[in-house]
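Q: coordinates for the following, if possible.
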Amino acid sequence: MTQSLEIAVAKPGEAADFWKTNDRAWRTEAWAFKVVWHEQTHDITATIDGTIAGALNVRIAASLAHVEALYVLPAHRGNGIGRALLARCEEIANYYNCHKVSVAVMNASPALRFFLDSGYHVEAVLPQHTFKLDVAMVRKFLL
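A: From the prediction side, this is the model:
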């Protein structure tokens, strides 16, 4: 019996069930980490008069936290919102016994300066890593 293989770009959401079913398996194989992955994501928001002025998305897995995204609307920057979001992220990571929080940012960028000023340290710089730009991997140890 011959099977027909087709390679296609999936429509948005079309592969969601596949990834949900196989997420732990691929992560266990990729990282040779033989524990149950208790992966979770948290969205943390800062609101002003009921409107979101900034948000942070953090992924937690295997006692590590990784900031996937942090954005404060330009009109609200410089008022401590980003630092407050990051502080809440670190509290959540600490609650789940994460020993560090990491984030990838463009090297020599305002974002890098923000994280360095927030107590993070450069772990590595990956030359021409994303969009042919240097990416700094930064981290802060919590314990």
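Q: for A69, helix, strand, or coil?
A: Following DSSP: H, G, I helix; E, B strand; the rest coil, we place A69 in the strand state.
Q: helix, strand, or coil at the residue nearest to it when sequence neighbours are not counted?
A: In space, A69 comes closest to N57 once its chain neighbours are excluded; the distance is 4.5 Å by CB to CB, 6 or more residues apart in numbering. Where you see a C-beta, it was placed from the backbone N, CA and C, and this is true even at glycine. In the three-state summary, N57 is assigned as strand, counting by three-state DSSP.
Q: equivalent analysis for I52, please.
A: Relying on three-state DSSP, one would call I52 strand.
Q: then the helix or strand bottoming out on mean pLDDT in the chain to PDB, C-alphas only?
A: Scoring the helices and strands of the chain by mean pLDDT, DSSP states H and E places helix 16-31 at the bottom, with a mean of 85. This file holds the C-alpha atoms of helix 16-31, laid out as PDB (Å, rounded to 0.1, in the frame of the first residue of the first chain):
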ATOM      1  CA  ALA A  16      -2.800  23.000  17.200                       C
ATOM      2  CA  ASP A  17      -4.100  19.600  18.200                       C
ATOM      3  CA  PHE A  18      -0.900  17.900  16.800                       C
ATOM      4  CA  TRP A  19       1.300  20.200  18.900                       C
ATOM      5  CA  LYS A  20      -0.900  19.800  22.000                       C
ATOM      6  CA  THR A  21      -0.700  16.000  21.700                       C
ATOM      7  CA  ASN A  22       3.000  15.800  21.000                       C
ATOM      8  CA  ASP A  23       4.400  18.800  22.900                       C
ATOM      9  CA  ARG A  24       6.000  16.900  25.800                       C
ATOM     10  CA  ALA A  25       7.300  14.100  23.500                       C
ATOM     11  CA  TRP A  26       9.300  16.500  21.200                       C
ATOM     12  CA  ARG A  27      10.600  18.500  24.100                       C
ATOM     13  CA  THR A  28      11.800  15.400  26.000                       C
ATOM     14  CA  GLU A  29      13.500  14.100  22.900                       C
ATOM     15  CA  ALA A  30      15.000  17.500  21.900                       C
ATOM     16  CA  TRP A  31      16.400  18.300  25.300                       C
END
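Q: I am finished for the moment; much appreciated.
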